[in-house]
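**Student:** Coordinates for the following, if possible.
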Amino acid sequence: MNYTRKQFKTAVTISLVVGTILTLVNQSDVIFSDQPLNWFKVIITYIVPFCVSVYSSYATRIETTMKR
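**Tutor:** Okay, the predicted model is just below:
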């Protein structure tokens, strides 16, 4: 498995775990009531940890490559 594929798989896993926890914390009052869910906020809650994971992986890779 090449680095990019592994990086993507890790970012998706982190996004699912962190996004789910943050959604439950931030939207629990809406989830457990009959109010409609704000899907934009839910989607952003999953996208942000994905982007952070990809960026940090990329930055680490570049830093490691430059030290060689």
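**Student:** Could I get the pLDDT score of residue 6?
**Tutor:** Per-residue pLDDT puts residue 6 at 90.
**Student:** number of nearby residues for it?
**Tutor:** 11 (other Cβ atoms under 10 Å). Using the backbone N, CA and C atoms, a C-beta is placed for each residue, glycine as well.
**Student:** do residue 34 as well
**Tutor:** 5.
**Student:** i'd like the first residue to be 615 from this point on
**Tutor:** Sure, I'll start numbering at 615, so the last one becomes residue 648.
**Student:** which phi and psi does it have?
**Tutor:** Phi and psi for residue 648, reported as degrees, to the nearest 10, are phi -100, psi 20.
**Student:** Would you list the phi and psi of residue 649?
**Tutor:** The phi and psi torsions at residue 649 (degrees, to the nearest 10) take the values phi -80, psi 150.
**Student:** scratch that, residue 651 is what I was asking about
**Tutor:** phi -80, psi 140.
**Student:** go on, residue 646?
**Tutor:** The phi/psi pair for residue 646 (degrees, to the nearest 10) is phi -90, psi 20.
**Student:** now it: how far from residue 638?
**Tutor:** Going from residue 646 to residue 638 by Cβ to Cβ, to the nearest Å gives 10 Å.
**Student:** Quick check, residue 638 in contact with residue 644.
**Tutor:** No. Applying Cβ atoms under 8 Å as the test, residue 638 and residue 644 come out as separate, 10.7 Å apart.
**Student:** quick one, which of these two is more surrounded?
**Tutor:** When residue 638 and residue 644 are compared for neighbours, residue 644 comes out ahead with 15 against 12, by other Cβ under 10 Å.
**Student:** In the chain, mark out all the helices, start to finish.
**Tutor:** Here the chain has its helices, by DSSP state H, at 617-645, 653-681.
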